[in-house]
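1. Give me coordinates for this.
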Amino acid sequence: MLNLFMFLFLVTYLSPLLFMAIASLTPHRQFLDSNALILPSKRITFYYDGKDRIVYQVPTAQGIHRYILGAPAVFITLAGWGNKPVFDRAWTMLSILLMGLLAMLFAFNMWVA
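-> I've put the predicted structure just below:
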């Protein structure tokens, strides 16, 4: 239990170093955009109907929709792996840490719905 506590303490203590490394690789324009991704990346666009559109935003008759085609396969795979207690505990810990990260992003107004 002490090892787990020390590991979590070190991860928390050293997390600003990870942020500094990511921030140093992020282009200036992306760093200033509040809707940009956290990791350094370049938006892929295509020209459609007189405008440059982002790839994941698809225009339809009802408006612009976002599609996530891989989501059902992820849930089915995780349901199969969830039968193993070791994976179940690891996934629970990872989910708790991810929830903390998302809460922190929401608190700093970096939330993407």
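
2. Skip ahead from the strand or helix carrying Thr12 and say which helix or strand is next.
-> Assigned by DSSP states H and E, Thr12 belongs to helix 2-25. Using DSSP H and E, the helix or strand that follows helix 2-25 towards the C-terminus is helix 28-32.

3. Return the set of buried residues in that next one.
-> For helix 28-32, the neighbour count (16 or more other CB atoms under 10 Å) marks Gln30 as buried. Bear in mind the C-beta positions are built from the backbone N, C-alpha and C, glycine included.

4. Point out where the protein drops to low pLDDT.
-> Low-confidence regions of the chain, defined by pLDDT under 70, span residues 38-44, 46, 53-60, 63-72, 111-113.

5. how about the strands in it?
-> 45-48, 51-54, 57-60, 63-66 (DSSP state E).

6. from the middle of its chain, how far away would the first one be?
-> If I follow you right, that is strand 45-48. Distance of strand 45-48 from the chain centroid (CA atoms, centre = their mean, to the nearest Å) equals 24 Å.

7. How many residues are close by Thr77?
-> Neighbours of Thr77 under the rule other CB atoms under 10 Å: 10.
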